[in-house]
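Enquirer: Any chance you could fold what I've pasted below:
(one chain, ligands or ions: 1)
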Amino acid sequence: MAATTLGPSTPFGIDFGGTGIKGAPVDLEVGDFAAERARIRTPKPSTPEVVAGVFRDLLAQFPGSDGPIGVTVPGIVRHGVVGSAANIDPAWVGTDADALFTEATGREVHVVNDADAAGLAEVRYGAARGRRGLVIVTTLGTGIGSALVHDGVLVPNSELGHLEIDGHVAEKRAANSAREREDLSMADWAERLTAYYHHLERLFSPDLFVVGGGISKRADEFLPLLGLDTEIVPATLRNKAGVVGAALYAAGSAGGA
Ligand code: BGC
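Expert: Have a look, this model is predicted:
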């Protein structure tokens, strides 16, 4: 495997999701995997300790990799400590994930919110590459994740999926899981998305929206239905965004606090 060709400080990205834990070393020159990605099914329950064990197994598949590790978590992350768990095991709240994973793997680990990782990756390598001003990257999945990136600088933990709109938590009505759960037509879902993105327009006056999450591969079925004043485009890194963004984050944080 290509792991033998890794440079000594090639960062490694791990995307911790509800169904799979994916990881690969990342070539930051091009924003792509430097070796074939590995995937392990997310265990149930997926408490921090259990997940740390999975990370060890995953890393064992890349003996040539010894750079810093970035890990995505679908929750608030402040200085390595997880602060919310809307769609993951409640045991994550209050966990110092940087410390736990650094201890478990013997490597330098930096944890980042999943949407923030995707946002960093899309701005550096993907749909918002080279764009200045305010880019809002949203991921439409089980929840709604968000990344606010201004002139390439991330403002972390924006959590715009949890805005209350018309008395509802936005992600409960507008995430892709709501479309599936309520069996909404694309037209009906697009109406909810329009209300959501209009709200974001009023609050932030962004220059660009980027829409990620698995459903973004069907963007042509719903993005044209949104009546917005702001340009809105699908993410381009697709399911690589988490791993690539996590590695990018780790490389930027390595050696720091
Ligand atoms: C969480 C966010 C996360 C998003 C997407 C939300 O429920 O609060 O932290 O980014 O889901 O996974």
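Enquirer: Tell me the bridge partners for Leu134.
Expert: Beta-bridge pairing for Leu134 (DSSP bridges): His150.
Enquirer: in this protein, which segments are predicted with low confidence?
Expert: Applying pLDDT under 70 to the chain flags residues 1-8, 256-257.
Enquirer: mind exporting the helix ranked longest in it as CSV, just the C-alpha atoms?
Expert: When the chain is scanned for its longest helix (criterion: DSSP state H), the result is helix 186-204. Below are the C-alpha coordinates for helix 186-204, written out as CSV (Å, rounded to 0.1, in the frame of the first residue of the first chain):
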residue,chain,number,x,y,z
MET,A,186,-37.9,17.7,-3.0
ALA,A,187,-40.3,20.7,-3.6
ASP,A,188,-41.6,20.6,0.0
TRP,A,189,-38.1,20.2,1.4
ALA,A,190,-36.8,23.0,-0.8
GLU,A,191,-39.4,25.3,0.8
ARG,A,192,-38.0,24.5,4.3
LEU,A,193,-34.5,25.0,3.1
THR,A,194,-35.4,28.3,1.5
ALA,A,195,-36.8,29.5,4.9
TYR,A,196,-33.6,28.3,6.6
TYR,A,197,-31.1,29.9,4.2
HIS,A,198,-33.1,33.1,4.1
HIS,A,199,-32.7,33.3,7.8
LEU,A,200,-29.0,32.8,7.5
GLU,A,201,-28.9,35.5,4.8
ARG,A,202,-30.6,38.0,7.1
LEU,A,203,-28.2,37.2,10.0
PHE,A,204,-24.9,37.0,8.1
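Enquirer: Tell me the strands beside whatever helix or strand comes next after it, with direction?
Expert: Proceeding N to C from helix 186-204, the next assigned helix or strand is strand 208-212, under DSSP states H and E. On the basis of DSSP bridges, the sheet neighbours of strand 208-212 come out as strand 134-140 (parallel), strand 232-234 (parallel).
Enquirer: Counting by contacts, list what the longest helix of the chain packs against.
Expert: Using 3 or more Cβ pairs under 8 Å, 6 or more residues apart in numbering; DSSP states H and E as the contact test, the elements touching helix 186-204 are strand 134-140, strand 164-165, helix 170-174, helix 176-181, helix 219-222. All C-beta spots, glycine's among them, are computed from the backbone N, C-alpha and C.
Enquirer: do that again at 6 Å, thanks
Expert: helix 170-174, helix 219-222 (3 or more Cβ pairs under 6 Å, 6 or more residues apart in numbering; DSSP states H and E).
Enquirer: Can you say which of the strands paired with strand 208-212 is nearest to the ligand?
Expert: When the strands paired with strand 208-212 are compared by Cβ to the nearest ligand atom, strand 134-140 sits nearest the ligand, at 5.5 Å.
Enquirer: gap between the closest one and the chain center?
Expert: 10 Å (Cα atoms, centre = their mean, to the nearest Å).
Enquirer: Let's see that strand as PDB, backbone CA atoms only.
Expert: This file holds the C-alpha atoms of strand 134-140, laid out as PDB (Å, rounded to 0.1, in the frame of the first residue of the first chain):
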ATOM      1  CA  LEU A 134     -17.900  35.200   4.100                       C
ATOM      2  CA  VAL A 135     -18.500  31.600   3.000                       C
ATOM      3  CA  ILE A 136     -21.100  29.500   5.000                       C
ATOM      4  CA  VAL A 137     -20.700  25.800   4.500                       C
ATOM      5  CA  THR A 138     -23.700  23.800   5.600                       C
ATOM      6  CA  THR A 139     -23.900  20.000   5.700                       C
ATOM      7  CA  LEU A 140     -27.300  18.500   5.400                       C
END
